[in-house]
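Visitor: have a look at this prediction, sequence included:
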Amino acid sequence: MSRMLFPQEQLGGAIVLLTGALGFLGSVCLEQLLRLTEVERVFLLVRGKKHLSAAQRVEKLLCDPLFHMLHSDAATGRRNVFNRIQVVEGDLALPQLGLSGADAQKLKNEVEIVIHCAANLELDIEIQKTLQINYCGTKQLMLLAQDMLQLHAFMFTSTYYVNHFLSRNKPVAEVVHDLPLRLPGDSRTLTHSQLVEALLAMPPSEANVQAMELMANLNFTSTYAFGKHLTEQLLNDPSSLQQGVSKVIIRPSLIAGLQGDPYPGYIVGLAGAAGFPMGYSLGFYHSINGVAFASDYILDLIPCDVVAALVITAAAAAVAETGPNASSSAKVYHAASAHSHPLMMSYSFSKMSEFWQANPPPLRLPFTTYVTYTDKRSPTLWGLQADKWITSAKVWLVTKYMAWAGKEREARALVYGFKAFCVQNSFRYNRSIVSRVDNAIELRDSIKCDEASLWPCVWDKSIGNWDTYGVTNLAGIRNLLFRIRGDCVSQVPSHFKLQQGLSDPSLVQEWANSSSSSSSNGDDGFDTVDSSSVTSFCSAVAK
């Protein structure tokens with residue numbers, strides 16, 4: 001990359017379509033776009049759910065503490081960026097994304113950058129379900145993008161799990177892997193689209209059997225990873241988008257809590273990187289024999305704000321490289337730490353032990369011992385099974401007691417958490433890899449000096465250390481899991497500081513009215529933020 005990057009200026013006035021804004025990474029990308037750039041507009045593709053419309057779900061999101069710095073700016077009159085948001089109701093699972101004709105046409109006329117973060121993240125979901133959302137949904141979005149008159153860049157969020165078929169603890173380059181796709185018993189090599197079409201045409205049970213055998217032959221660990229691999233092939237196809245549009249693939253590792261602004265330690269959901277500390281704190285590891293990972297396993301965590309910074313910076317670079325000379329292939333960036341700032345699982349366990357012993361959770365299984373690695377070890381199948389059986393018995397006893405005490409909801413949550421933990425703490429995931437971040441480093445080094453601190457797109461020692469960040473991340477998980485609002489006890493300083501969501505109805509009214517004055521809810525078919533519904537929601541939060 002020969003040119004200097006200045007993302008704030010290069011994204012100034014840009015019109016962005018963002019999917020997955022209600023998810024962890026998507027919401028952080030939205031916050032950074034609003035706080036750190038001068039984008040003209042961000043369209044949010046969101047589906048309605050249950051009794052809430054797409055606009056109401058976005059209103060709820062914008063009350064989250066993640067946006068507290070933007071709330072403060074709007075309340076004091078310094079800067080109101082909420083009027084840049086426009087919500088369009090759509091669904092990746094529907095033909096043409098479920099868009100109305102007017103909505104689709106407006107996106108085709110205006111959008112310059114697509115940032116696609118939406119996905120089904122379930123690791124072991126049925127193959128047809130993961131393909132319908134992650135492959136077919138992306139294909140529908142790309143078909144829309146093919147008609148976007150102003151499009152410069154298409155950003156796709158994949159996963160580092162697509163690399164897990166490779167050798168353990170070996171460096172992995174930032175390339176799209178081209179693998180032979182053959183259904184069991186068939187010698188023909190299929191394209192990604194032919195394979196997906198064949199799997200979707202089968203009865204679900206047959207498709208699962210065929211996919212599992214193919215995945216075993218290719219050494220894939222989950223339907224989620226395999227579906228993402230096929231979607232990367234889709235995007236990397238030279239004819240997937242119009243000539244001159246830059247295509248980018250971001251592969252995050254295990255996304256953890258924020259390391260910096262606007263909310264160090266902020267995390268949502270207990271899947272992914274939060275699953276291990278959650279299970280550890282509750283005592284799901286009965287002994288070290290129940291740990292599915294060898295002592296040389298590299299725990300590839302990455303702070304979510306680092307991933308979002310990489311997404312946005314890569315978007316700026318993609319816009320700069322668009323045009324007749326833009327590559328027809330996708331550029332790949334790893335958002336990972338194993339190469340730039342490795343963290344051993346054994347070290348992580350010792351730090352978790354220190355943290356949870358100093359900050360005992362209000363709920364944990366009987367006879368919990370916070371286990372650590374004492375020497376080199378490799379997991380055994382019998383050890384995992386024995387430990388799982390003992391922990392299952394503990395969970396059963398505790399949930400029976402909780403149900404008897406009228407805590408059915410908490411009991412169900414505990415059972416769900418244990419099941420999710422068992423999926424992650426699996427023998428097949430003892431496959432740490434070293435995802436190289438050469439492209440991300442090159443990108444970081446090309447950012448103009450006065451903007452470099454705003455875009456920490458590589459996690460290394462110059463950004464932070466695992467001791468301080470580890471405590472910050474665990475403090476955020478502690479607050480999320482147990483709603484503990486006080487400071488945590490630690491010998492290492494934590495950057496976590498509890499932030500409040502939007503609870504002042506007058507503030508909501510202020511920016512909502514400002515939004516209405518600059519955009520309409522009429523002919524363009526898009527929903528703006530409705531002040532009355534947000535006010536009632538925030539009043540409930542305040543109570």
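Guide: That came through, no problem.
Visitor: what about the helices in the stretch 351-500 of the chain?
Guide: 381-404, 408-424, 438-445, 449-452, 466-482 (DSSP state H, counting those that start in this stretch).
Visitor: most packed of those?
Guide: Among these, helix 466-482 has the highest mean neighbour count (mean count of other C-beta atoms under 10 Å), at a mean of 22. For the C-beta atoms, the positions are set from N, CA and C on the backbone; glycine is no exception.
Visitor: elements contacting it?
Guide: helix 275-282, strand 301-303, helix 345-358 (3 or more C-beta pairs under 8 Å, 6 or more residues apart in numbering; DSSP states H and E).
Visitor: now with 7 Å?
Guide: If contacts are counted by 3 or more C-beta pairs under 7 Å, 6 or more residues apart in numbering; DSSP states H and E, helix 466-482 sits against helix 275-282, helix 345-358.
Visitor: now do the longest one, average pLDDT.
Guide: Computed over helix 345-358, the mean pLDDT rounds to 94.
Visitor: which parts of it are buried?
Guide: For helix 345-358, the neighbour count (16 or more other C-beta atoms under 10 Å) marks 345-349, 351-352, 354-356 as buried.
Visitor: nearest to Leu45, of the residues you listed?
Guide: Ser348 (35.9 Å; C-beta to C-beta).
Visitor: excluding its backbone neighbours, what's nearest the closest one?
Guide: Leu299 (5.1 Å; C-beta to C-beta, 6 or more residues apart in numbering).
Visitor: could I get the contacting residues of the one you found?
Guide: The contact partners of Leu299, taken as C-beta atoms under 7 Å, 6 or more residues apart in numbering, are 343-345, 348.
Visitor: Leu66 and Glu31 touch, don't they?
Guide: Yes - between Leu66 and Glu31 there is a contact under C-beta atoms under 7 Å: 5.6 Å.
Visitor: relative to Asn236, how far out is Cys136?
Guide: Remark: distance between Cys136 and Asn236 (C-beta to C-beta, to the nearest Å) = 17 Å.
Visitor: would you mind listing the buried residues in stretch 78-98?
Guide: 80-92, 97-98.
Visitor: how far is stretch 175-185 from where the chain is centred?
Guide: 26 Å (C-alpha atoms, centre = their mean, to the nearest Å).
Visitor: what sits up against that stretch?
Guide: Counting by C-beta under 7 Å, 6+ apart, residues outside stretch 175-185 touching it are 162, 188-190, 192, 195, 198, 210, 213-214, 218, 229, 232-233, 236, 249, 330, 332.
Visitor: so how far does that stretch reach from one end to the other?
Guide: 29 Å (C-alpha to C-alpha, to the nearest Å).
Visitor: average pLDDT across that stretch?
Guide: 93.
Visitor: buried residues in it?
Guide: 176-177, 179, 181, 183.
Visitor: and Thr191, how far from Leu230?
Guide: Applying C-beta to C-beta to Thr191 and Leu230 gives a distance of 10 Å.
Visitor: the more surrounded of those two?
Guide: Leu230 (22 against 13; other C-beta atoms under 10 Å).
Visitor: which phi and psi does the more buried one have?
Guide: phi -60, psi -40 (degrees, to the nearest 10).
Visitor: show me where the stretch 51-200 of the chain has strands.
Guide: For the stretch 51-200 of the chain, the strands defined by DSSP state E, counting those that start in this stretch occupy 85-89, 113-116, 153-157, 171-172.
Visitor: could those be laid out in TSV, adding mean pLDDT and distance to Arg436?
Guide: Shown next, in TSV, are the strands of the stretch 51-200 of the chain (pLDDT from 0 to 100; distance: least, C-beta to C-beta, whole Å):
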stretch	mean pLDDT	distance to Arg436
strand 85-89	95	36
strand 113-116	98	23
strand 153-157	98	18
strand 171-172	92	5
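Visitor: save those strands as a markdown table, and put in distance to Leu397 too.
Guide: Shown next, in a markdown table, are the strands of the stretch 51-200 of the chain (distance: least, C-beta to C-beta, whole Å):
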| stretch | distance to Leu397 |
| --- | --- |
| strand 85-89 | 46 |
| strand 113-116 | 44 |
| strand 153-157 | 41 |
| strand 171-172 | 43 |
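Visitor: and Gln242, how many neighbours does it have?
Guide: Gln242: 12 neighbours (other C-beta under 10 Å).
Visitor: same check, this time on Ser27
Guide: So Ser27, with other C-beta under 10 Å, has 23 neighbours.
Visitor: first to last residue in stretch 214-229, what's the distance?
Guide: 13 Å.
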